[in-house]
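Undergrad: Fold the following.
(one chain, ligands or ions: 1)
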Amino acid sequence: MSETALRDRVCAVGASLFRRGLTFGSTGNISVRLPDGGWLMTPTNASLGELDPARLTKLDADGHVVAGDKPTKEAFLHRVMYAKRADARAVVHLHSTHSVAVSCLHGIDPHDCLPPLTAYYVMRVGRLPLVPYYPPGDESLARAVEALAGDHHAVLLSNHGPVVAGSSLDNAMYATEELEETARIFLLLGDRATRPLTPAQVEDLRTRLKLA
Ligand SMILES: [Zn+2]
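TA: Residues are numbered from 1 along each chain as shown. All right, here's what the predicted structure looks like:
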């Protein structure tokens, strides 16, 4: 995809996420890898619902801003994901309500925050680790995400929200949506006795689809 097409796609994805209530205010940020090794990133203090393709931040392959507005303050979340995942072509980070709600729950498994309720969740998200809470922008948050990013394309920041990498912008968006909907289903089920997929069913899916 050309840079112009990628700029338009970032704005279209931002608008779609915003319109459907997956992000609000100036929260959430999106980045995509450019064919030359650099990145496009959503700017700081921008609503994902009203992005201007011409004002997206452009960074070179070394991470220096070369054009556009100042990047999101959460650029480091994107940087560490790309650093650890050579196949990542896009990263989506949202403060999506149901995912954030799960990230605030007491007693969830920090190695895997949500049960494998559906096959699509296993296929799109897989195992979702919880990153301990750090204030936004704290360098310790970058290190904590970096430590998990090699093994996980999706992580959930405690009391904050998900960070999801994908092999394309669409895949990163679909995985983020799958996570949010699974979080919603999980909360909807509440204390009811539920039947997540069994470990054997999860393993079978991983084998069939050659998932990590
Ligand atoms: Zn955030």
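
Undergrad: going forward, measure contacts and count neighbours with C-alpha atoms only.
TA: OK.

Undergrad: With the flanking residues excluded, which residue is spatially nearest to residue 21?
TA: Of all residues not flanking residue 21 in the chain, residue 96 sits nearest, at 7.9 Å (CA to CA, 6 or more residues apart in numbering).

Undergrad: Likewise for residue 136?
TA: Of all residues not flanking residue 136 in the chain, residue 74 sits nearest, at 7.6 Å (CA to CA, 6+ apart).

Undergrad: what about the one you found, how many neighbours?
TA: 20 (other CA atoms under 10 Å).

Undergrad: surely it meets residue 137?
TA: Yes - if you go by CA atoms under 8 Å, residue 74 and residue 137 touch, sitting 6.5 Å apart.

Undergrad: Which helix or strand contains residue 134?
TA: Using DSSP states H and E, residue 134 sits in no helix or strand.

Undergrad: I'd like the distance between it and residue 160.
TA: Distance from residue 134 to residue 160, counting by CA to CA, to the nearest Å: 9 Å.

Undergrad: of these two, who's got more company?
TA: residue 160 (24 against 16).

Undergrad: sec struct for residue 142, please.
TA: helix (DSSP: H, G, I helix; E, B strand; the rest coil).

Undergrad: Show the contacting residues for it.
TA: 76-77, 80 (CA atoms under 8 Å, 6 or more residues apart in numbering).

Undergrad: who wins for neighbours among those?
TA: Ranked by neighbour count (other CA under 10 Å), those have residue 77 at the top, with 25 neighbours.

Undergrad: per-residue confidence at the residue nearest the centre of the chain?
TA: With distances taken as CA atoms, centre = their mean, residue 164 lies nearest the centre of the chain, 2.3 Å away. On the pLDDT scale, residue 164 is placed at 98.

Undergrad: Equivalent analysis for residue 210, please.
TA: The model reports residue 210 with a pLDDT of 80.

Undergrad: That one in helix, strand or coil?
TA: Of the three states, residue 210 takes coil under three-state DSSP.

Undergrad: Return the distance of the longest helix seen in the chain from the chain's centre.
TA: Looking across the chain with DSSP state H, the single longest helix is helix 169-189. A distance of 10 Å separates the centroid of the chain from that of helix 169-189, by CA atoms, centre = their mean, to the nearest Å.
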